[in-house]
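Undergrad: only the shape, not the letters, is given here:
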């Protein structure tokens, strides 16, 4: 059923919210229908989180009201979620399903012959209440949440967020409200949430900067801008097209208005006789049009990165790098050589070792094994995911200028005020203390503080967290144009596809896999690789399952095979080394760029062949020794 005629479950009417002189919601109205998958977008500080808290009843607007369908059940994951630290993981998750648990409790206390028992059972079946324990287990496993009996006090921020997400999803509410649900989640968890929401029976409103998530899940995009809502049917791509059309119409209307005012102003200056009825009417019309408020034009962040010093032939080389932390192996046998222009996306599950690798590259953490060589001209600039570089007692001006009116920006000098305006800080906000900034403003200020330091090798750890979509797009453009090296830890698939020309994936069994190209190409090659590995495993299992005599000797053919198998392995390993040396050669893009796909396929085939030959070698040795 189309959204515009499906039943309304919630309506926000004429909402007004002011924070001092700042207008957050200006008589804003919005209706939510059954089946809506609303992606709520807008710049950081526009009021998205405030609106979500109003419709959940956590805060009250200055004026206006929210009307809800009777018995509407709402589930909410806020950015500032609170967990009960006196309870463990599963106890906190079950708090999100109190409505279901109360139904089950009431059902158990209701007499068997009561009419109410049938109604209660229907309600429990509707929310899949009888399977609640199994669903909790599935949520914990799918979202890689901590073990059920772990104490909340001992969890990290990311682990707590996963528990809070489980708590929001478990009740299967009529209206699910999620504020940045993908933050601090790995790609597999994000994809699981996408699949969950794609088949979700209730309605949903979510705020996210993940454009793939918006494109796949949203059937309606609502933009909050200048205190008003603008609704667009379709996904994020449809919204971008519609917004461009809307802005074009607004620009045409504003141009007409300005042309009218110029003509009328010229007429007024000529001094017409205003006492005449017609002249007075025209004058009144002029003042009415002139008094109309114009919509403030959105300005993007002009994200600027100083021009980097040219990198040398040797940027950074890593040979057989491995590391153990607290006795646990994080990864081993990591070999990689950065060349100028490499923009590497680093992906993998949380805790796999991505941030650890960045710290090894920086020299902050020595590896347990292996050798690191850094080029003489390589200058690192690290953007930390925890945003720990800001002092809340500083003003925005001091955070950037550090007491100076002018900052060194690359080879040049630039006014602090000029630099900050490029990051959308107005004059009044430049003198504001950091502690009074919104989350988005703090993110922009952090980027401004770090990017001014330049460097020709940027290391970014989850740079997309907490950035709004317009700012994220500008960051992408700046990184694409950057002429140095980049290593980026991110779960944002769209971001990885736009910026990166190589993917380093932390896969299972402490292995790190490198793939040329963007994220989509890595996924394509990974699927083919896993399919091929599975076929090898199936073949081996079939051979192992054959009925063999209890004791037998090698056949003549098998004996010859065993004699030559070591040479075959060495040949394949030599071929692997040859291809890998091609990928790491300085003139790779000049000589071999056109052969990238062919070389990748050949490399994977040889790696799989080595695995197969080793398994076969072990099998033949067992036969030889009568095992």
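TA: Noted; the coordinates are in hand. Note that the structure is a prediction, hence the values are computed from the model and not measured. Numbering: from 1, shown residues only.

Undergrad: okay, helices next: where are they in the stretch 101-250 of the chain?
TA: With helices called from DSSP state H, counting those that start in this stretch, the stretch 101-250 of the chain shows them at 115-126, 132-142, 157-170, 187-198, 211-217, 236-269.

Undergrad: what sits against the residue nearest to residue 340 when sequence neighbours are not counted?
TA: Using Cβ to Cβ, 6 or more residues apart in numbering and skipping the chain neighbours, the partner closest in space to residue 340 is residue 311 (4.4 Å). Glycine gets a C-beta too; all of them are placed from N, C-alpha and C. By Cβ atoms under 8 Å, 6 or more residues apart in numbering, residue 311 lies in contact with 340, 375, 377, 378, 456, 457, 484, 485.

Undergrad: what is the nearest of those residues to residue 366?
TA: residue 378 (17.8 Å; Cβ to Cβ).

Undergrad: ok, that closest one - contacts?
TA: Neighbouring residues of residue 378 by Cβ under 8 Å, 6+ apart: 311, 312, 314, 315, 316, 456, 457, 485.

Undergrad: which of those are buried, as a ChimeraX select command?
TA: Of these, the buried ones can be selected in ChimeraX as follows, counting by 16 or more other Cβ atoms under 10 Å:
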select :311,314,315,316,456,457,485
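
Undergrad: isn't residue 207 up against residue 40?
TA: Yes - using Cβ atoms under 8 Å, residue 207 is in contact with residue 40, at 5.0 Å.

Undergrad: overlap in contacts of those two?
TA: Common contact partners of residue 207 and residue 40 (Cβ under 8 Å, 6+ apart): 48, 52.

Undergrad: list the buried residues in whichever strand or helix holds residue 472.
TA: Using DSSP states H and E, residue 472 falls within helix 469-481. Residues of helix 469-481 classed as buried by neighbour count (16+ other Cβ under 10 Å): 469, 470, 471, 472, 473, 474, 475, 476, 478, 479.

Undergrad: nearest spatial neighbour of the last one, chain-adjacent residues omitted?
TA: Using Cβ to Cβ, 6+ apart and skipping residues adjacent in sequence, the residue nearest residue 479 is residue 499, 4.9 Å away.

Undergrad: before we move on, back to that, farthest-separated two in the contacts of residue 378?
TA: 314 and 456 (12.8 Å).

Undergrad: now stretch 489-499, how far from the chain's geometric center?
TA: Counting by Cα atoms, centre = their mean, to the nearest Å, stretch 489-499 is centred 8 Å from the centre of its parent chain.

Undergrad: pLDDT averaged over it - what is it?
TA: In this model, stretch 489-499 has a mean pLDDT of 90.

Undergrad: for stretch 556-567, same thing?
TA: If you average the pLDDT over stretch 556-567, you get 83.

Undergrad: circling back: just the pLDDT at the residue nearest to residue 340, thanks.
TA: Among the per-residue scores, residue 311 shows a pLDDT of 87.

Undergrad: what's the answer for residue 627, then?
TA: pLDDT at residue 627 comes out at 66.

Undergrad: hang on, the earlier thing: and the helix holding residue 472, what does it pack against?
TA: Contacts defined by 3 or more Cβ pairs under 8 Å, 6 or more residues apart in numbering; DSSP states H and E place helix 469-481 against helix 439-451, helix 493-499.

Undergrad: what's the first one packed up against?
TA: The elements that helix 439-451 packs onto, with contact taken as 3+ Cβ pairs under 8 Å, 6+ apart, are strand 380-383, helix 396-401, helix 469-481.

Undergrad: do that again at 6 Å, thanks
TA: Where contact means 3 or more Cβ pairs under 6 Å, 6 or more residues apart in numbering; DSSP states H and E, helix 439-451 is packed against helix 396-401.

Undergrad: chain center to the helix it packs on, what's the gap?
TA: Distance of helix 396-401 from the chain centroid (Cα atoms, centre = their mean) equals 28 Å.

Undergrad: what helices or strands is that helix leaning on?
TA: helix 439-451.

Undergrad: residues contacting the residue nearest in space to the middle of the chain?
TA: By Cα atoms, centre = their mean, the chain has its centre lying nearest to residue 492, at 3.8 Å. Residues near residue 492 by Cβ atoms under 6 Å, 6 or more residues apart in numbering: residue 464.

Undergrad: what about it, distance to residue 610?
TA: As defined by Cβ to Cβ, to the nearest Å, residue 492 lies at a distance of 34 Å from residue 610.

Undergrad: for the residue nearest to residue 479, what are its contacts?
TA: By Cβ under 6 Å, 6+ apart, residue 499 lies in contact with 343, 476, 479, 480.

Undergrad: low-confidence stretches in the stretch 301-450 of the chain?
TA: 301-304, 385-389, 410, 439-440 (pLDDT under 70).

Undergrad: show me which helix or strand of the protein is least confident by mean pLDDT.
TA: Lowest mean confidence among the helices and strands of the chain (mean pLDDT, DSSP states H and E): helix 277-290, at a mean of 60.

Undergrad: tell me which of residue 207 and residue 40 has more neighbours.
TA: residue 40 (26 against 23; other Cβ atoms under 10 Å).

Undergrad: list phi and psi for the more buried one.
TA: Per-residue torsions, residue 40: phi -90, psi 120 (degrees, to the nearest 10).

Undergrad: my guess is it meets residue 50, correct?
TA: No - using Cβ atoms under 6 Å, residue 40 is not in contact with residue 50; the gap is 11.2 Å.

Undergrad: can you give me the strands in the stretch 401-550 of the chain?
TA: With strands called from DSSP state E, counting those that start in this stretch, the stretch 401-550 of the chain shows them at 406-409, 412-415, 457-461, 485-489, 502-506, 512-516.

Undergrad: could I get those as a markdown table with distance to residue 170?
TA: What follows is these, written out as a markdown table (distance: least, Cβ to Cβ, whole Å):
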| stretch | distance to residue 170 |
| --- | --- |
| strand 406-409 | 50 |
| strand 412-415 | 52 |
| strand 457-461 | 31 |
| strand 485-489 | 30 |
| strand 502-506 | 29 |
| strand 512-516 | 34 |
